[in-house]
Each structure stands twice: as C-alpha cells, then as structure tokens.
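J.: make a model of this:
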Amino acid sequence: MTKPSTDPSAPEAALAVALEAGLRAAITHLNQGNIDAAASYAAALIGRYPMHPAVCQLSAQIALQRGDATLARRHIAQGLSLRPDHLPSLLIAGRAALADDAPAEALPHLLRACALSGNALEPSYLACVARLQVGAADAVTELGLLIQRAPGFAPAWIELAETMRKGGELQAALAALDRAIALDGNSARAHFQRGKVLHALGRKAEAADAFASAVSLEPRSREARLNLAIAQQELGGLGAAQATLEALVGAHPQDYDGWIQLGRVRQDRRDLPGAQAALRSALACRPDAAPAAVNLGIVLQEAGQPDAALAAYAHAYRVAPDTFGRIAQALCSGPRGRLWADLGALRALLASLGSPGNPGSTQD
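T.: Now for the predicted structure:
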C-alpha cells in the first residue's frame, strides 16, 4: 500500500485522498497488531499534516501503545489545541499522562472527559486512578462508589486491591484480586498483582504460579518476568530463573534489574564467567550502580582474580562510599579473601583505584 504523498504541489483533492488512505492504512495495521507498520504510516502523516486533529490523535495512540508516553502527550496536546473537548483525545491525554508518571496533569483531562460523557465508566475509572496516584482525599471513596456502580468491572477491583496492598491489608487485597480474576481471567495485571500479594504473604510457590500466568498473558511484561524469576530463585529453581531472566534481557537489553538478577542467579549456579558477563552488562546499563560493582567484585574474587576484584570494589566505593562496610566484609570472606587490619589503608587503596572506567577489567 502506498504511503501518503508528501509532495506539497499535489492538488488539494489528491491530498485529501492521500490523507484518508494513510489514516485507513495506519488504523488497519494498528488493529492487526502491526504496530511498527502503523507507526511508519503515522510518521509520514504527522510530517505532512501536523495540524490535522485526527492525525495527532492517531499518532498519540500509536506512540502510547509503543510505550513512548512523552511523545504521545506531545501529539495529543496538539490535537486538543485543535478540538479541546474531543472525548477520545481527552482519554488518550489522560492515559498518556498516567503512563508518563504525571497523574496531576492527567486528572484535569479525565475530569473533563467525565463531565462530557456523563461519568461514563472508562473516564470515571481513569479519574479514580489519577486521584489515587496524587493522593487525593476522596480517592478511595470515589473508587468504592465506582465499584458499587459497576461491580463487574475488573480493573476497579484491581485498583482497589493495589490500594489495600500498599496499606498492608494483604488478605483483603487478595480477595479483591480473586474477584477481578473471576470477572476477567485474562487480565495479566490481575495475575501479576496477585503474585505480589501472595509473595508478600510468604506463599512463594503460589506467587510464582501467578507471575507465570501474567507472563503467559503478557509476554512483553518485564516486571512480570523479573518477579517470576525472583520467585523461582527463592524456590530453588535456579535453572528456571536463569531461563526467565535470559528471556527478559533478550527482550529488554537495557534492563539493569534483569542483568543484575541474572548475575546473581549465575553466581548461585557457579557459572562465574556468565555472572561476570551479566554484571558487566548491568554496569553498562547503569555505570554508577554500586550494587552491581560490588557483586562483580565478589564474583571476580571467587574466580581468583583479586586485582580485578579490587578494581570493581574501588568503582563501587567511588560512586557510593557507604558500600565500604560490605566491601571490607567481602574482601575478608571466602577461600580467596584478604584480611585487612588497617581499614584506613584499605580506604586509601580503594580511593586511589577508583577512577572512572570499566570496573574489574584487569586480569591476573
């Protein structure tokens, strides 16, 4: 299918036809789940018709689905400047602001959507979410009223459960999540939140099952995979945890949490070269992450590379001096440890070695 013409000399009627064809193609790809193709059409459209409200709305929707909430907010702000009370655009603006961790900016859009829609379910629910996130005094009350009005609406039960979990009411949160799953068993978020509650209750095997259900329903969820791996590791399933984490970092190569957890699992499995590689990847994601540098030092020390270990420890000490106690303990531990009677001398050595660079890169 031909993308919309960008020739400024094209007749107005031809441009209108091209606009309609481009919008239709982008929407078709979006509905088919081909987000990259939809984004390609949207980019061509926004370049040619930056002031067209439908193009702005579509571009915002696609950006939001691709996880770029900041870009979505920019596109939808332009669209709302052209049609301020357009209900779908207000909902996209609210969702984008929530995804961008800006609930206070989402709330006005969502309250306006409530007013325009006669407090329809979707804007009312999203407004409740924004209220909860900004800590509004009436947030829980409004959520309770919404559940009374629509007891079969699973997302509201999930939101109630999360509020209860944060308040320490774990059994009540679990009951709310069971209700949500009974209403919508295909909600990955409900299974994920249930896993968090079960884990907090110490029911780790059930938590792992819940996280696994969330991953099967939403394979792209890095949070679900990470929590599944942690539960698997705690249950002693190191091989399963490693496979889960390798899938996670394969899909999200810049995921610091995934890499450092993979390093820990490989270390537990005595795969010291693999642990080193994972921890270096974690540091590539976050060069100033002291925990990854300390863990790398421990692994290098276990591998019989004391000088490289000291370089890693020095890097950790440079970026976070409060890690000194753990470093000193690690240096004295294990069969390859070193005893430092003069901690002042150790501090001076770490400070002298702690220059920016690739920690632990020297070999013995």
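
J.: which stretches of the protein have low pLDDT?
T.: Along the chain, the parts satisfying pLDDT under 70 run over 1-15, 334-341, 354-364.

J.: all the helices of the stretch 1-150 of the chain, in order from the start?
T.: 12-31, 35-48, 53-65, 69-82, 87-99, 103-117, 121-134, 139-149 (DSSP state H, counting those that start in this stretch).

J.: can you pull out the strands in the stretch 201-350 of the chain?
T.: With DSSP state E, counting those that start in this stretch, there are no strands along the stretch 201-350 of the chain.

J.: would you list the helices of the stretch 1-150 of the chain in JSON lines and tack on distance to Gly274?
T.: From N, CA and C alone the C-beta is placed, and that goes for glycine too. Formatted as JSON lines, those follow (distance: least, C-beta to C-beta, whole Å):
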{"stretch": "helix 12-31", "distance to Gly274": "40"}
{"stretch": "helix 35-48", "distance to Gly274": "32"}
{"stretch": "helix 53-65", "distance to Gly274": "35"}
{"stretch": "helix 69-82", "distance to Gly274": "35"}
{"stretch": "helix 87-99", "distance to Gly274": "35"}
{"stretch": "helix 103-117", "distance to Gly274": "41"}
{"stretch": "helix 121-134", "distance to Gly274": "39"}
{"stretch": "helix 139-149", "distance to Gly274": "46"}
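
J.: can you check which of those helices gets nearest to Ala328?
T.: Closest approach to Ala328 among the helices of the stretch 1-150 of the chain (C-beta to C-beta): helix 121-134, 41.5 Å.

J.: so which of the helices of the stretch 1-150 of the chain comes closest to Asp307?
T.: helix 69-82 (43.8 Å).

J.: what sits up against the closest one?
T.: 46, 50-53, 56-57, 59-61, 63-64, 86, 89-90, 92-93, 96-97, 99-100, 102, 109 (C-beta atoms under 8 Å, 6 or more residues apart in numbering).

J.: circling back to that earlier point, could you dump the helices of the stretch 1-150 of the chain to JSON lines with distance to Asp271 and mean neighbour count?
T.: Formatted as JSON lines, these follow (distance: least, C-beta to C-beta, whole Å; neighbours: other C-beta atoms under 10 Å):
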{"stretch": "helix 12-31", "distance to Asp271": "42", "mean neighbour count": "16"}
{"stretch": "helix 35-48", "distance to Asp271": "35", "mean neighbour count": "19"}
{"stretch": "helix 53-65", "distance to Asp271": "37", "mean neighbour count": "23"}
{"stretch": "helix 69-82", "distance to Asp271": "37", "mean neighbour count": "19"}
{"stretch": "helix 87-99", "distance to Asp271": "37", "mean neighbour count": "23"}
{"stretch": "helix 103-117", "distance to Asp271": "43", "mean neighbour count": "19"}
{"stretch": "helix 121-134", "distance to Asp271": "41", "mean neighbour count": "21"}
{"stretch": "helix 139-149", "distance to Asp271": "47", "mean neighbour count": "16"}
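
J.: so for Ala176, which of the ones you listed sits nearest?
T.: The nearest among the helices of the stretch 1-150 of the chain, by C-beta to C-beta, is helix 139-149 at 9.1 Å.

J.: perfect, I'm done here.
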